[in-house]
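In: quick check, what structure comes out for this input:
(one chain, ligands or ions: 1)
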Amino acid sequence: MKTPIGIDKTTGEIRSIRDVETNGLACNCRCPNEACGADLVARFCKEKENHFAHHRKKGGTACQEKALHLLAKHLIVTRGASLFPVLTLDSTQCYSYLNELYEDSEEYFGTVTTLRRAREEVNLPEFAIKPDIFCETTLNGVEVQLAIEVKVTHEVDDEKLSKIEKANLTAFEIDLSNLVSLSELTTEQVEQALAETYRYKWLHVEAEVKEGLQRALDERVRLMARKRNDEINDWQNSVTAFLTEKGHISLPRYQYPEIRIKPEITDLGGFTHKVRLPKPPSLQQKITVSDIAPLKDGVMVLETRAGNRRFPLPVIFVEGPFVEGPLTGSYLQLDYGRGLPDCHKFESRLQWGRSEKAERYVSKVTRLKHEAKVRKDREVKTRIERRLKEYQQIVESGSYPRSGNAPQIARDYETACEELMQRGINREAYMADLPESWIFGCPQEHWQTLLLRALCVVNNELADVKYFANSLKNYHSIEALEPVKSLGYLKRAMEQLKYPPNDVPTTFGVIISYFDALCRKGYMRYAGRGNYLKSTMPYGPAYRQVQQYYRS
Ligand SMILES: [Zn+2]
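Out: I've put the predicted structure just below:
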């Protein structure tokens, strides 16, 4: 183990290797650890740093700790100065009349400061403590006694800390504990560590010093707030003079929440309906201002009169977008984010924060709209139930309704049959017997033949269900009959009312079943993925043959 420090065996003084001139045992030093007490040999090397080594003995951790502690104290005392820890103070918080927060924080000390009469291990019986270093110094112009603790193995415990605080003794701690593990301790390393601010921590700063700094900091912040309040006072005086002379104030236009007062509702089927609503009350009016109370906590109260009624109307000052405040009743707001407005512009910058009259109107309108919606929703529900009942009756009776266009459809069917026959297409092969196909109000054979003809002449590669449903409707007036048609439009409402899905067939569903049947017979083939699976199909090989024949 190598250390840069030893104790003179004759005088008991600390000897740094830098001060020793005689080599080997002649240096007359022993290990600073009394429990060890080994003789030290001074070694002067060319490559390595000069050092002491234990003579005929191995030094332990305790020897290293003791040497480090001693060296640190020795360096500080010999230098007669030390780095001081940083003291951070936060000011007391102050608010302006506009509720603006004023605060600050400041860092003090943290620099190398002169120590006077620095001594090591001084017994202070009056405080029952023995600091590592005791000295005098000047902090912020105040003469104080200072204790410095060097932490190597254990820090200052609570008991010692409370003694220091009780004694109002200025003290700080330097943490060197991570240097203990170094295998070779050098003076340079310790000097470098002593220059590192993060190792320094205040244990206590004399009350007079700390309070003095706090007072000065608080006073500075208070002055800033006071200066702001003077500005606010001047501003309010100009506004008061302006409004008092004018005698009245023009209230701003009230911004009704557009969506809430719109005379329209949407029922649960997704259909919109107009609703008759009363006109919104006009809030644009002039009121007399008799007095203005001083601005406080961001609120300025106008004493107003309208007719015989006197009432206070607060103006809330907000910086930026308005946030719902704790006030009840009506009040105005003013956004002073870009500065307090000139007194001439004061009125134009006002907005309603809350108006009881307007809110009464909005809640009345909301109630009327709600009632209308309840009525409309009930109608939708009744309609669904009636249609479902009709559907059930049709299914149970087995006598299916006929489309009003049945004669026209029959004539179109005849023409298509002839056309397909002339082309040599075996129409019967493409027919399918499907359940619930009655919804088209004509024999299955009719609409399937017409669809087959449309499929043959269509000039695209994919059979799109939606496209063919439209072609049946547009060219042959074939579409779902009531009640299926209505129930199709009421699908969204049925979902919301939690009716079981897919109870009622749809036009698309029936056409998909037909295409499914053609696929099973090998005339068509599925294409696409997901939702497109059912709506788009390419022509199968057999079907393609038919189409080519038809074209030729
Ligand atoms: Zn030792």
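In: show me what contacts the nearest residue to Pro321 once chain neighbours are set aside?
Out: In space, and not counting its chain neighbours, Pro321 is closest to Asp335: 7.7 Å by Cβ to Cβ, 6 or more residues apart in numbering. Where you see a C-beta, it was placed from the backbone N, CA and C, and this is true even at glycine. For Asp335, the contact set (Cβ atoms under 8 Å, 6 or more residues apart in numbering) comprises 318-322, 349, 351.
In: for the stretch 151-300 of the chain, which residues are neighbours of the ion?
Out: Within the stretch 151-300 of the chain, no position is near the ion by Cβ under 5 Å from the ion.
In: and the residue of the stretch 151-300 of the chain closest to the ion?
Out: Leu185 (12.4 Å; Cβ to the ion).
In: identify the residue spatially nearest to that residue, adjacent ones excluded.
Out: Thr3 (5.5 Å).
In: picking that back up, just grab the bridge partners of the residue nearest to Pro321 for me.
Out: Here Asp335 sits in beta bridges with Val318, as judged by DSSP bridges.
In: measure it to His370 for me?
Out: Computed as Cβ to Cβ, to the nearest Å, the Asp335 to His370 distance reads 33 Å.
In: cool, and Thr22?
Out: 104 Å.
In: contacts only, for the residue of the stretch 151-300 of the chain closest to the ion.
Out: So Leu185 contacts 2-4, 64, 67-68, 71, 179 (Cβ under 8 Å, 6+ apart).
In: of those, closest to Leu420?
Out: The nearest member of those to Leu420, counting by Cβ to Cβ, is Leu179 at 102.5 Å.
In: now that closest one: how far from Val190?
Out: 7 Å.
In: which neighbours do the two share?
Out: Joint contacts of Leu179 and Val190 (Cβ under 8 Å, 6+ apart) are Leu68.
In: helices of this protein, start to end?
Out: 61-79, 158-166, 187-194, 207-246, 258-261, 356-397, 406-422, 444-457, 465-476, 484-489, 491-496, 507-520, 532-535, 541-551 (DSSP state H).
In: can you tell which of the ones you listed is closest to Glu121?
Out: helix 61-79 (8.0 Å).
In: redo the helices of the chain as JSON lines? Include mean pLDDT, mean neighbour count and distance to Leu87.
Out: Output for the helices of the chain, formatted as JSON lines (pLDDT from 0 to 100; neighbours: other Cβ atoms under 10 Å; distance: least, Cβ to Cβ, whole Å):
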{"stretch": "helix 61-79", "mean pLDDT": "91", "mean neighbour count": "20", "distance to Leu87": "19"}
{"stretch": "helix 158-166", "mean pLDDT": "91", "mean neighbour count": "14", "distance to Leu87": "15"}
{"stretch": "helix 187-194", "mean pLDDT": "92", "mean neighbour count": "16", "distance to Leu87": "19"}
{"stretch": "helix 207-246", "mean pLDDT": "94", "mean neighbour count": "15", "distance to Leu87": "8"}
{"stretch": "helix 258-261", "mean pLDDT": "86", "mean neighbour count": "11", "distance to Leu87": "57"}
{"stretch": "helix 356-397", "mean pLDDT": "90", "mean neighbour count": "15", "distance to Leu87": "54"}
{"stretch": "helix 406-422", "mean pLDDT": "91", "mean neighbour count": "15", "distance to Leu87": "98"}
{"stretch": "helix 444-457", "mean pLDDT": "87", "mean neighbour count": "20", "distance to Leu87": "91"}
{"stretch": "helix 465-476", "mean pLDDT": "88", "mean neighbour count": "16", "distance to Leu87": "79"}
{"stretch": "helix 484-489", "mean pLDDT": "85", "mean neighbour count": "18", "distance to Leu87": "77"}
{"stretch": "helix 491-496", "mean pLDDT": "83", "mean neighbour count": "16", "distance to Leu87": "67"}
{"stretch": "helix 507-520", "mean pLDDT": "86", "mean neighbour count": "19", "distance to Leu87": "80"}
{"stretch": "helix 532-535", "mean pLDDT": "48", "mean neighbour count": "15", "distance to Leu87": "73"}
{"stretch": "helix 541-551", "mean pLDDT": "63", "mean neighbour count": "14", "distance to Leu87": "91"}
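In: want to try a markdown table for those helices, with distance to Cys36 as columns?
Out: Shown next, in a markdown table, are the helices of the chain (distance: least, Cβ to Cβ, whole Å):
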| stretch | distance to Cys36 |
| --- | --- |
| helix 61-79 | 5 |
| helix 158-166 | 26 |
| helix 187-194 | 20 |
| helix 207-246 | 42 |
| helix 258-261 | 86 |
| helix 356-397 | 86 |
| helix 406-422 | 117 |
| helix 444-457 | 106 |
| helix 465-476 | 98 |
| helix 484-489 | 100 |
| helix 491-496 | 89 |
| helix 507-520 | 97 |
| helix 532-535 | 89 |
| helix 541-551 | 102 |
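In: for Asp291, find the nearest of those.
Out: helix 207-246 (8.2 Å).
In: tell me the domain ranges of the chain?
Out: 2-59, 81-214, 234-254+277-361, 406-551 (automatic domain parsing).
In: circling back: can you give me every residue that contacts the residue nearest to Leu185?
Out: Counting by Cβ under 8 Å, 6+ apart, Thr3 touches 31-32, 40, 51-52, 59, 63-64, 67, 71, 185.
In: in this structure Arg199 contacts Ala193, no?
Out: Yes: taking contacts as Cβ atoms under 8 Å, Arg199 lies within contact range of Ala193: 6.5 Å.
In: please list the residues of the stretch 1-150 of the chain that sit near the ion.
Out: 31, 33, 36, 38, 59, 63.
In: quick check: the first one vs Gly37, distance?
Out: Right, the one you point to is Cys31. 6 Å.
In: what residues does stretch 381-400 touch?
Out: Here stretch 381-400 has contacts from 401, 438, 441, 482-484, 486-487, 490, 493-494, 497, 499, 503-504, using Cβ under 8 Å, 6+ apart.
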